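Colleague: Have a look at this prediction, sequence included:
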Amino acid sequence: MTEYTLTLKPSGTSRSFPRDTILADALMDMGVMVRTPCGGKGTCGKCQVLLEGPVNDLSGKKSLSAGMHLACRTSIAGDVAVFIDQQQDTEGRTYPRVEPTAVYGIAVDIGTTSVKLSLVDCTHSRTYELDSFLNPQRRWGHDVISRIAASADRAVAGRLTAQIRQSVFSSIQRFLDGAGLPVERIDRIVLTGNTTMLYLFLGLDVDPLGRAPYVAATKDFIPYSAREAGGERFARTTISALPVHSAFLGADLVGGLASCSKKGLAGSTFFADLGTNGEMFLMDPAGRIFATSCAMGPALEGMNISWGMTAESGAITRISLEKGHLAYRMIGEGEPAGITGTALVDILAIMLRENIIRKDGAFNADLEDMSLPSPMKYRFDGDIPCICLWGDIRVTIKDIRSVQLAKGAALAAARLLLKEAGCMPEQVERVMIAGAFGENLNMENFRVLGLLPEFPAATWHFLGNSSLQSAQEACCNPRFHQDAAALRDRINELNLSQHEEFSREFVAALNFP
């Protein structure tokens, strides 16, 4: 296999990569964080780099300045030099005031799609956003099963582990440098996430997680030095991970359960974290805990969507219909670059109400003769029908199908979980929606799509990222791991991969209400 040299300037660091390696992947392998909030589709333009040397530009964009290329849509075709602006990552960032006597920790939520980190002042119980980036392992698949399959090759498994460790440590170090906080002040790093993501970070064998009987041999993790995980500069820092329940119920659910329990749960409570892996639990008035998980895909996180992106500058987070015109709310200024999962929920709910799409997700047959809210236009992207919004942003029939698949999985899982617990939807008193998805969610539009049962008597609460919050609590509370493990041991798991009714319920749940 032909290999070429990639050199970083001005540092002079170099490494060889096979021909046709995507530049963004190569840069991340060299410890350079590349912002790709659109998931590498080349739509957001956030990963522009200046380079010299032969490359294949797959973006088709002619508007970039001379020498500039989108790293996510450029492949190596010869020896290449890339100019890295060391200041670019810290420009415009604000940092907390460092307390001279405080003990600090780092909370890390390793999601299948996104990785989120926060700095925790353990002395004063304060937290600060540190960083958020797309999980660089996604080149080996957008779901845990794909990454487990890729890990069958031990060399790939090693790369998956090295890459997530390097990305996390690099992110922390850049923040500490910008904040003027010595690395010696970081006493602990607490990890959370689904079981597969934690196993990959910790270097454990993920193969049993992906095949029957889907056994997680290790559920509690012994703390160890960050130096053992490749964090050479973190010699005084201890890494720990929150406990998991099984292959499909990870530390994100266990941590969310522990965090919710500390706030006090009375009556029947239904909890759902609707990310790439949908995880749910139901606690009944007797204190029994039932839990399950389902594969939803990354559509609600803005991935696998034509113009989807995570919640970064340029992303539309909300869409509303006002007097026949669409209005949007976005992060930052300028022209919008894409839409987040919450904005996708908004626009689909609007299209359902306006009879632009039917309950089966197809476009209305009379759409070409209908008057659409401005600036909507019905067009074809090649042979794929779509609704054009602002600029090049559009929603295609494939995007709608991706949301339907997520909806079908979530609704079927919720219905079977309620059935397993012997609980009717009208008996649920509290519904808790967790994850970044819930932070900008319009509840009315969410319910229009029917991703969960109606729960007519329940009050609805948005928790934000409960997985990250649980790691933050664990940084401050040395008993949190133990308390979470005690709750974990009370879970009755419903394994949908072996459930005879799931396929039927899934198909029945695909249509919108």
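Modeller: Cool, got the structure. Numbers count the residues shown, from 1 in each chain.
Colleague: Per-residue confidence at the residue of the chain most remote from its centre, what does it come out as?
Modeller: In terms of distance from the mean C-alpha position of the chain, D369 ranks first, at 38.8 Å (C-alpha atoms, centre = their mean). At D369, the model reports a pLDDT of 84.
Colleague: which stretch of helix or strand covers S470?
Modeller: Applying DSSP states H and E as the criterion places S470 in helix 466-476.
Colleague: For the helix or strand following that helix, which helices and strands make contact with it?
Modeller: Going down the chain from helix 466-476, the next helix or strand is helix 480-488, by DSSP H and E. With contacts taken as 3 or more C-beta pairs under 8 Å, 6 or more residues apart in numbering; DSSP states H and E, helix 480-488 sits against helix 251-263, helix 466-476. C-betas here are computed from N, CA, C, even on glycine.
Colleague: contacting residues around A413?
Modeller: By C-beta atoms under 8 Å, 6 or more residues apart in numbering, the residues touching A413 are G278, M280, T292, S293, C294, L496, F502.
Colleague: go on, K407?
Modeller: L449, G450, L451, A509, L510, F512.
Colleague: Reformat those residues as CSV; add secondary structure.
Modeller: Formatted as CSV, the contacts of K407 follow (DSSP: H, G, I helix; E, B strand; the rest coil):
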residue, secondary structure
L449, helix
G450, coil
L451, coil
A509, coil
L510, coil
F512, coil
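Colleague: for the stretch 351-500 of the chain, which spans come out with low pLDDT?
Modeller: By pLDDT under 70, the low-scoring segments of the stretch 351-500 of the chain are 438-439.
Colleague: And P100, how close does it get to I189?
Modeller: With distances taken as C-beta to C-beta, to the nearest Å, P100 is found 21 Å from I189.
Colleague: ditto for L411
Modeller: L411 is 36 Å from I189, by C-beta to C-beta.
Colleague: ok, the two, which is more surrounded?
Modeller: Neighbour tally, L411 and I189, criterion other C-beta atoms under 10 Å: the higher count belongs to I189, 26 against 23.
Colleague: on that earlier part again, most neighbours among the contacts of K407, which one?
Modeller: Neighbour tally across the contacts of K407 (other C-beta under 10 Å): the maximum, 24 neighbours, falls on L451.
Colleague: which residues touch that one?
Modeller: L451 makes contact with L274, A406, K407, A410, L411 under the criterion C-beta under 8 Å, 6+ apart.
Colleague: if we can go back for a sec, and the contacts of A413, which is closest to Q469?
Modeller: The nearest member of the contacts of A413 to Q469, counting by C-beta to C-beta, is M280 at 17.4 Å.
Colleague: Could you give the bridge partners of the closest one?
Modeller: Applying DSSP bridges to M280 gives these bridge partners: A272, T292.
Colleague: Might you report the residue contacts of A149?
Modeller: Contact criterion C-beta under 8 Å, 6+ apart gives G141, G210 as the residues in contact with A149.
Colleague: Give me the pLDDT for it.
Modeller: If you check A149, the pLDDT there is 95.
Colleague: Can you pull the domain assignment for the chain?
Modeller: Under the assignment automatic domain parsing, the domains of the chain span 3-83, 104-241, 251-298+402-508, 301-401.
Colleague: Would you state the helices of the stretch 201-350 of the chain in chain order?
Modeller: Along the stretch 201-350 of the chain, the segments classed as helices by DSSP state H, counting those that start in this stretch run 251-263, 341-353.
Colleague: can I get these in JSON lines with distance to G361 and mean neighbour count?
Modeller: Putting those into JSON lines (distance: least, C-beta to C-beta, whole Å; neighbours: other C-beta atoms under 10 Å) gives the following:
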{"stretch": "helix 251-263", "distance to G361": "29", "mean neighbour count": "25"}
{"stretch": "helix 341-353", "distance to G361": "9", "mean neighbour count": "24"}
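Colleague: one step back: dump the helices and strands packed on helix 480-488 to TSV, plus distance to S16.
Modeller: Shown next, in TSV, are the helices and strands packed on helix 480-488 (distance: least, C-beta to C-beta, whole Å):
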stretch	distance to S16
helix 251-263	37
helix 466-476	37
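Colleague: nearest to E444, of those helices?
Modeller: With C-beta to C-beta, the closest approach to E444 among these belongs to helix 466-476: 22.4 Å.
Colleague: what helices or strands is that closest one leaning on?
Modeller: So helix 466-476, by 3+ C-beta pairs under 8 Å, 6+ apart, packs with strand 104-110, strand 114-121, strand 186-193, helix 251-263, strand 430-434, helix 480-488.
Colleague: does G78 sit in a helix, a strand or a coil?
Modeller: State at G78, reduced to three classes by three-state DSSP: coil.
Colleague: what does the one 3 residues further on give?
Modeller: A81 carries the three-state label strand when classified by three-state DSSP.
Colleague: okay but L326 is in contact with E354, surely?
Modeller: No. With contact defined as C-beta atoms under 8 Å, L326 does not count as touching E354 (10.4 Å).
Colleague: shared neighbours of the two, anything?
Modeller: Residues touching both L326 and E354 (C-beta under 8 Å, 6+ apart): P373.
Colleague: and I186, what does it touch?
Modeller: I186 neighbours (C-beta under 8 Å, 6+ apart): Y104, G105, I106, I172, L176, F234, R236, T237.
Colleague: how about a cut-off of 10 Å?
Modeller: Contacts for I186 (C-beta atoms under 10 Å, 6 or more residues apart in numbering) come out as 103-106, 119-120, 172-173, 176, 226, 231, 233-234, 236-238.
Colleague: Bridging across strands, which residues link to it?
Modeller: Beta-bridge partners, per DSSP bridges, of I186: Y104.
Colleague: Could you check the pLDDT of it?
Modeller: pLDDT for I186: 96.
Colleague: now D205
Modeller: Note on D205: pLDDT of 96.
Colleague: swap in the one 10 residues further on?
Modeller: The score at V215 is 92. That number is its pLDDT.
Colleague: residues near R394, how many?
Modeller: When neighbours are counted by other C-beta under 10 Å, R394 comes out with 19.
Colleague: isn't it right next to P375, touching?
Modeller: No. Contact criterion C-beta atoms under 10 Å: R394 and P375 do not qualify, at 11.1 Å.
Colleague: Name the residues contacting each of the two.
Modeller: Taking C-beta under 10 Å, 6+ apart as the contact definition, R394 and P375 share the neighbouring residues C388.
Colleague: about what we covered before: farthest-separated two in the contacts of A413?
Modeller: Once C-beta to C-beta is applied, those give M280 and F502 as the farthest pair, at 13.5 Å.
Colleague: what about the two, which has more around it?
Modeller: With neighbours defined as other C-beta under 10 Å, M280 and F502 compare such that M280 has more, 26 against 20.
Colleague: hey, least reliable of the helices of the stretch 201-350 of the chain by pLDDT?
Modeller: Looking at the helices of the stretch 201-350 of the chain, the bottom one is helix 251-263 with a mean of 91.
Colleague: residues in contact with the closest residue to A409 other than its chain neighbours?
Modeller: Closest residue in space to A409, ignoring its immediate chain neighbours: C294 at 4.3 Å, by C-beta to C-beta, 6 or more residues apart in numbering. Under the criterion of C-beta under 10 Å, 6+ apart, the neighbours of C294 are 248, 274, 277-280, 406, 408-414, 416-417, 496-497, 502, 506.
Colleague: Can you turn the buried part of these into a ChimeraX selection?
Modeller: Here is the ChimeraX command that selects only those of the contacts of C294 that count as buried (16 or more other C-beta atoms under 10 Å):
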select :248,274,277,278,279,280,406,408,409,410,411,412,413,414,416,417,496,502,506
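Colleague: Give me the subset of the contacts of C294 lying in strands.
Modeller: L274, N277, G278, E279, M280 (DSSP state E).
Colleague: looking at it, the fourth one is touching G256, isn't it?
Modeller: Yes. Contact criterion C-beta under 10 Å: E279 and G256 qualify, at 7.8 Å.
Colleague: Much appreciated, bye for now.
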